[in-house]
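>>> The sequence and its predicted three-dimensional model are supplied below.
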Amino acid sequence: MKFSTPCEVPGLREAILQQVNAVRARGSNCGGQVYGAARAVAWNDQLVSAASGHSRDMADRNYFDHRSLSGTEPAHRVDAVGYKWRGVAENIAAGQFDAHSVMRGWLNSPGHCSNIMDPKFTEIGVACAARAGTVYGGYWTMVLARR
């Protein structure tokens, strides 16, 4: 069995943070819901760990869903890495292999865009895992949260 590996995305952290914080700074229209400017989010390695685990699981088990095949939900995954949250959300994507493409997809999806623009979230973590022979090849997870 070939295990999944992180997508080889140079500068992933910087690219995602720059794009997320740029759109938060200017505001956005998410499927008709207008959001004003929101404060910048910070990168959090615990959230990266939760995101990475879900991306690897989707790649290893060849599925695409917020609920894992074991029944875990985003909040369970964030709890499992020890992050004490007061709010949590998750964006997932599949088939993209660069930060710009995945962000474009999330911003064009009203629900994912709303998560990115929600001012209650203060931290994010993003990860991607790739596995040949799966439906999408690359599986992305963004976890947004607030302590």
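Ah, there it is.

>>> and the residue nearest to residue 99 when sequence neighbours are not counted, how many residues sit next to it?
Spatially, and ignoring its direct neighbours in sequence, residue 99 is nearest to residue 15 (3.8 Å; CB to CB, 6 or more residues apart in numbering). C-beta here means a position set from N, CA and C on the backbone, and glycine is covered the same way. A count of nearby residues for residue 15, using other CB atoms under 10 Å, gives 17.

>>> Other residues contacting the helix or strand harbouring residue 15?
Element membership for residue 15, per DSSP states H and E: helix 12-26. The contact list for helix 12-26, computed with CB atoms under 8 Å, 6 or more residues apart in numbering, reads 9, 37-41, 43, 99-100, 103, 107, 116-117, 124, 126, 128, 142.

>>> Quick one: mean pLDDT over it.
The average pLDDT within helix 12-26 is 96.

>>> If we go by neighbour counts, what in that helix is buried?
12, 15, 16, 17, 19, 20, 21, 23, 24 (16 or more other CB atoms under 10 Å).

>>> Who are the packing partners of the helix or strand following it?
Using DSSP H and E, the helix or strand that follows helix 12-26 in sequence is strand 28-30. Here strand 28-30 touches strand 33-35, helix 110-117, going by 3 or more CB pairs under 8 Å, 6 or more residues apart in numbering; DSSP states H and E.

>>> angle of the longest one against helix 12-26?
Direction vectors for helix 110-117 and helix 12-26, defined by axes from the mean of the first three to the mean of the last three CA atoms, to 10 degrees, enclose an angle of 90 degrees.

>>> Could I get the average pLDDT for helix 110-117?
Helix 110-117 comes out with an average pLDDT of 98.

>>> all strands of this protein, in order?
5-6, 28-30, 33-35, 42-43, 87-94, 123-130, 138-146 (DSSP state E).

>>> Which one, of these, ends up nearest to residue 69?
Closest of those to residue 69 is strand 138-146, at 13.0 Å (criterion: CB to CB).

>>> Can you check the distance spanned by stretch 127-146, start to finish?
Terminal residues of stretch 127-146 are spaced 18 Å apart (CA to CA, to the nearest Å).

>>> What residues of that stretch count as buried?
Buried residues in stretch 127-146 (16+ other CB under 10 Å): 127-131, 134, 136-145.

>>> Next up, the contacts around residue 66.
Going by CB under 8 Å, 6+ apart, residue 66 touches 73, 74, 90, 92.

>>> Please consider this matter closed, and thank you.
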